[in-house]
Structures are given as structure tokens and as C-alpha cells.
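>>> Need coordinates for the following:
(one chain, ligands or ions: 1)
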Amino acid sequence: MNINWNTQLYCLIGNPIEKSLSPEIHNYIFNINNMNCIYMCFNVEDNDLHQVLDTFKILGIKGFNVTIPYKIHIMKYLDEIDEEARLLGAVNTVKYLDGKFIGYNTDGAGFVKSLIDSGIHIKDKKILVLGAGGGSHAISMKLAQSGAKQIILLNRTIEKSKKLAYNISNKFGDISVEYDDLKSFSQYTDVDIVVNCTSIGMYPDTDEVPIDISIFSNKTVVCDIIYKPIKTKFLKNAEKKNMKIIGGMDMLINQAILSQKIWFSVDKNIAINIDEIKGFLHYSVE
Ligand code: NAP
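Take a look at the predicted model:
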């Protein structure tokens with residue numbers, strides 16, 4: 001990596017940002033495309049968020065990502081919010097353009113792209129989403145926008161799945177949305193796709209599963225947005241049943257690629273080999 005006077009800084013702000021895989025993904029893309037850019041992480045305190053943004057403007061930072069816990073909080077400091085980020089109610093990507101910070105969200109689109117890349121189409125599908133946190137919110141809204149026929153939201157705290165169901169129905173009146181307690185999962189066997197958006201099964205609790213996979217036929221596609229471990233027990237159980245599986249690493253890489261497309265404009269031909277990225281991230285995660 002050749003850093004010189006003209007190197008552009010891109011970064012992630014959040015708290016905590018320790019062990020984020022974003023620098024590895026973005027710096028890999030910069031390197032293989034000979035882009036004079038570097039990506040770093042900054043741990044930012046809540047009280048400093050506004051000042052950090054002002055400093056970014058002064059320094060001419062052209063783009064950055066936002067992670068937990070600032071994806072919602074940052075919106076009030078931005079000059080414009082793109083339509084999709086407004087729909088998803090959160091921002092994970094910011095671009096500096098013509099003196100303005102513009103907020104975007106690539107989480108939902110990153111997930112949907114991982115389905116499409118695996119040959120799975122969303123239109124008219126019946127989808128079971130487990131969890132009602134930040135990840136579930138972005139994904140469920142995007143699935144609704146992408147033409148899903150029915151979305152069933154199951155969560156431990158039923159109030160949260162109820163609120164998310166209400167938000168989806170409010171924005172997409174023509175879609176059928178149900179919500180229930182996660183414990184009632186066995187009533188929802190007839191679905192095309194199931195997505196785990198809870199943190200159940202995430203390292204270090206890798207022996208846990210959100211629900212019993214044996215209730216579904218082997219035609220159901222099983223997704224998990226957890227990427228540590230790369231293959232959760234939930235996915236391993238599905239694989240044993242010969243079900244198609246999609247892991248969280250695909251979403252993570254796709255949302256990063258989509259951020260770069262926003263920063264550098266979609267027309268720029270950026271070479272990316274997702275399998276190569278997965279290959280080296282494997283060593284960082286496992
Ligand atoms: P979050 O906002 O904190 O939501 C966590 C969800 O998990 C909530 O629905 C919560 O239920 C549920 N949950 C947690 N522990 C549970 C338990 N013991 N029993 C039942 N439900 C439980 O987190 P998030 O940001 O959505 O992230 C969730 C997971 O997705 C994490 O593993 C994260 O790393 C991963 N993720 C991956 C990507 C990616 O790019 N691949 C992106 C975002 C997130 P309650 O509402 O009842 O608390």
C-alpha cells in the first residue's frame with residue numbers, strides 16, 4: 001500500500017468497533033483496484049459524534065460507514081437522507097458531496113443481493129424472519145419492498161415484532177404481515193425462506209439455534225445473518241437436511257461493496273472477487 005499526500009481516507013465510526021471486518025474488506029477492494037484510498041476504524045463516543053462529523057467535513061473525508069450504536073442517531077446530523085435509508089429508518093453509509101453529508105443504507109440491499117446471487121427470488125415468497133432488532137428491521141423492510149408476498153416476524157419480545165409489523169404494513173399496504181412470539185415458531189412451517197436475524201448462535205454461544213429446523217421441508221431456503229461463526233449451527237442443521245443455506249458473510253461483503261458503489265458512483269468498474277474476500281475473512285473469523 002502506497003500512502004501519499006493524495007491518499008483518501010474512508011472509515012467506520014461506531015462503538016465498539018473492535019474486531020470489525022470492514023477494514024479488511026474495503027482495503028482489499030482498494031488494493032486490487034489500485035485506488036489511492038485507505039479505510040480505518042474510529043471508536044467514537046456518543047457526545048463527540050456531531051463534532052466528529054464537523055471534523056470530517058473540514059478534513060474533506062469523502063465517505064464513511066456507521067455501525068452500532070449510531071445508525072439511527074447519526075441521521076439528525078446529516079444534510080440529506082436517501083429514500084432507502086429513510087425507509088429502513090437507519091443509515092450505515094455516508095457520502096460527502098457538494099458540501100453535504102448524505103446518508104444511505106446498504107444493509108437490506110446487501111442481504112437481498114446475497115439471495116439473488118444464490119439464485120433465490122423474493123417476489124411472491126412467504127418469508128419467516130426471526131428477530132426484530134436492527135438487522136431484522138433493515139432486512140424485513142427491504143424484503144417487503146422487493147415484493148415478498150408474506151412476512152412473518154417472530155421475536156422473543158413480542159412488542160418489538162408488533163411494532164416492526166406495523167411499520168411494514170404502514171409502508172407496504174399490499175403485503176401480508178404477521179407477528180408472534182419466537183416460541184410459537186412451530187406454527188409457521190410452510191415458508192419459502194427463513195432468516196435468522198437474532199443473535200442466537202453467534203460466537204461464543206455457537207451451540208445454540210434460534211428454532212428447530214426440522215419443522216420445515218427441505219425446499220425452504222435457510223439464511224443466517226450471523227457471520228461469526230461463518231456457518232452457524234442453524235445453517236449446519238439445515239445443510240444436514242439438504243436445504244439451501246446462505247450465511248451472513250455474503251450480506252456483510254455485499255453491504256460493503258454497495259457502500260463503495262455509493263462513494264465511487266455505480267458506473268465505476270470496481271473489480272471484486274467475493275470468494276477471495278470470503279477466503280481471507282475466514283482466517284479473521286474462525
Ligand atoms: P439487535 O438489534 O441487538 O437485535 C438482536 C435480536 O436478537 C433481537 O430480536 C433479540 O430479541 C434477539 N435475541 C438476542 N438474544 C436472544 C435470546 N437469547 N433469545 C431470543 N432472542 C434473542 O442486533 P442486530 O444488530 O439486529 O444483530 C443481530 C445479529 O445479526 C448479530 O449476530 C449481528 O452480528 C448480525 N448482523 C449481521 C450483519 C451482516 O452484515 N451479516 C448485519 C447486521 C447484524 P429481543 O428483541 O427480545 O431482545
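
>>> count of residues packed around the closest residue to the ligand within the stretch 1-150 of the chain?
Nearest residue of the stretch 1-150 of the chain to the ligand, counting by C-beta to the nearest ligand atom: residue 133, 1.9 Å away. Using the backbone N, CA and C atoms, a C-beta is placed for each residue, glycine as well. Using other C-beta atoms under 10 Å, residue 133 has 15 other residues around it.

>>> List, one by one, the residues from the protein near the ligand.
Taking C-beta under 6 Å from any ligand atom as the criterion, the chain approaches the ligand at residues 107, 131-136, 155-157, 160, 182, 197-200, 202, 225-227, 248, 251-252, 255.

>>> and if we set it to 8 Å?
Counting by C-beta under 8 Å from any ligand atom, the residues of the chain close to the ligand are 68, 107, 110-111, 130-138, 155-157, 160-161, 182, 197-202, 208, 210, 225-228, 248-252, 255.

>>> what sits against the nearest residue to residue 52 once chain neighbours are set aside?
Closest residue to residue 52 apart from its sequence neighbours, by C-beta to C-beta, 6 or more residues apart in numbering: residue 44 at 5.3 Å. For residue 44, the contact set (C-beta atoms under 8 Å, 6 or more residues apart in numbering) comprises 13, 14, 15, 52, 70.

>>> OK, contacts around the last one?
Residue 70 makes contacts with 13, 14, 15, 44, 46, 49, as judged by C-beta under 8 Å, 6+ apart.

>>> Tell me the buried residues within those.
Among the contacts of residue 70, those scoring as buried are 13, 14, 15, 44, 49 (criterion: 16 or more other C-beta atoms under 10 Å).

>>> that older thread, what number of residues lie near the closest residue in space to the residue of the stretch 1-150 of the chain closest to the ligand that isn't next to it in sequence?
Excluding the flanking residues, the one nearest residue 133 by C-beta to C-beta, 6+ apart is residue 197, at 6.8 Å. Using other C-beta under 10 Å, residue 197 has 27 neighbouring residues.

>>> Mind pulling up the pLDDT for residue 13?
On pLDDT, residue 13 comes in at 98.

>>> And residue 284, by the same measure?
In this model, residue 284 is scored at 84, pLDDT.

>>> which strands and helices sit next to the helix or strand harbouring it?
When elements are assigned from DSSP states H and E, residue 284 belongs to helix 274-285. In terms of contacts (3 or more C-beta pairs under 8 Å, 6 or more residues apart in numbering; DSSP states H and E), helix 274-285 is packed against helix 22-32, helix 248-264.

>>> between those helices, which one is nearest to residue 167?
If you check each of the helices and strands packed on helix 274-285 against residue 167 by C-beta to C-beta, helix 248-264 wins as the nearest, at 20.8 Å.

>>> Relative to the whole chain's centre, how far out is the closest one?
Put simply, helix 248-264 sits 9 Å off its chain's centre (C-alpha atoms, centre = their mean, to the nearest Å).

>>> what's the answer for stretch 146-153, then?
Its chain's C-alpha centre and that of stretch 146-153 lie 18 Å apart, by C-alpha atoms, centre = their mean.

>>> my read: residue 232 touches residue 225, true?
No. When contacts are counted by C-beta atoms under 8 Å, residue 232 is not listed as touching residue 225 (9.6 Å).

>>> Quickly list what's touching both of the two.
Residues touching both residue 232 and residue 225 (C-beta under 8 Å, 6+ apart) are residue 196.

>>> any low-confidence regions in the protein?
For the chain, the stretches with pLDDT under 70 are 1, 266-268.

>>> Domain-wise, how is it divided?
Annotated domains of the chain cover 8-105+250-285, 108-247 [automatic domain parsing].

>>> ranking those domains by burial, who's on top?
domain 108-247 (a mean of 19; mean count of other C-beta atoms under 10 Å).

>>> so how far does it reach from one end to the other?
The straight-line separation of the ends of domain 108-247 (C-alpha to C-alpha, to the nearest Å) is 14 Å.

>>> which residues does the residue nearest in space to the middle of the chain contact?
The C-alpha lying nearest the average C-alpha coordinate of the chain belongs to residue 107 (C-alpha atoms, centre = their mean; 3.2 Å). Residue 107 sits next to 88, 90, 92, 135, 138, 139, 142, 251, 255 when contact means C-beta under 8 Å, 6+ apart.
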